[in-house]
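Chemist: with the sequence up front, the predicted model follows.
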Amino acid sequence: MRDITWSKADLHIHTAHSDGLATVPELLAHVATKTDLRFVAITDHDNFVGAKQAAQLGQQFGIGVVLGEEVSTADGHLLALFTHKYLPPGRPIAKMLAAIHAQGELAIVPHPCDHSFPSLG
């Protein structure tokens, strides 16, 4: 049997590049010194800039970074994880899911039970 190493991660973090308060360096410094997280996914709203910056800086802080984006579809929000490029907002969810999967990415509904966001299903 293989040895498995477990890690803690937060897969839904926003920076000042969307509606978060911290810059990318501030966020990574906080994660590195104040938490036991080993990985984070930067998933700014309809923005890929913070994720790219975090990927470049993560190793300096000892934090693994998953590139991501929280995309606004015509039907609600959708997280795209392990992204390679910016996904423009506004498409119907079926088309956005197809675009995410075509790039080999993972799609997650970030807040399925929050009634303040449009329903995805």
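Modeler: Thanks, I have the structure now.

Chemist: flag the shaky bits of the chain, pLDDT-wise.
Modeler: 1-2, 4, 113-121 (pLDDT under 70).

Chemist: can you show me the strands along it?
Modeler: 9-13, 39-42, 64-73, 76-81, 106-108 (DSSP state E).

Chemist: turn those into CSV, including mean neighbour count.
Modeler: All C-beta spots, glycine's among them, are computed from the backbone N, C-alpha and C. Listed next are the strands of the chain as CSV, based on neighbours: other CB atoms under 10 Å:
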stretch, mean neighbour count
strand 9-13, 17
strand 39-42, 24
strand 64-73, 22
strand 76-81, 22
strand 106-108, 16
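
Chemist: TSV for these, including distance to Leu57?
Modeler: Listed next are the strands of the chain as TSV, based on distance: least, CB to CB, whole Å:
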stretch	distance to Leu57
strand 9-13	14
strand 39-42	10
strand 64-73	8
strand 76-81	19
strand 106-108	22
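
Chemist: for the chain, which helix is longest?
Modeler: What stands out as the longest helix in the chain, according to DSSP state H, is helix 49-61.

Chemist: give me the residues contacting it.
Modeler: With contacts defined as CB atoms under 8 Å, 6 or more residues apart in numbering, helix 49-61 is touched by 14-18, 20, 24-25, 27-29, 31-32, 40-44, 64-65, 67-69, 83.

Chemist: repeat that with 7 Å
Modeler: By CB atoms under 7 Å, 6 or more residues apart in numbering, the residues outside helix 49-61 that reach it are 15, 17, 24-25, 28-29, 32, 42, 44, 64-65, 67-69, 83.

Chemist: about what we covered before: quick one: closest of the strands of the chain to Arg91.
Modeler: Closest to Arg91 of the strands of the chain is strand 64-73 (CB to CB; 6.0 Å).

Chemist: which strands or helices does the closest one pack on?
Modeler: For strand 64-73, the elements it packs on are strand 39-42, helix 49-61, strand 76-81, helix 93-102, judged by 3 or more CB pairs under 7 Å, 6 or more residues apart in numbering; DSSP states H and E.

Chemist: show me what counts as buried in the longest helix of the chain.
Modeler: Gly50, Ala51, Lys52, Gln53, Ala54, Leu57, Gly58, Phe61 (16 or more other CB atoms under 10 Å).
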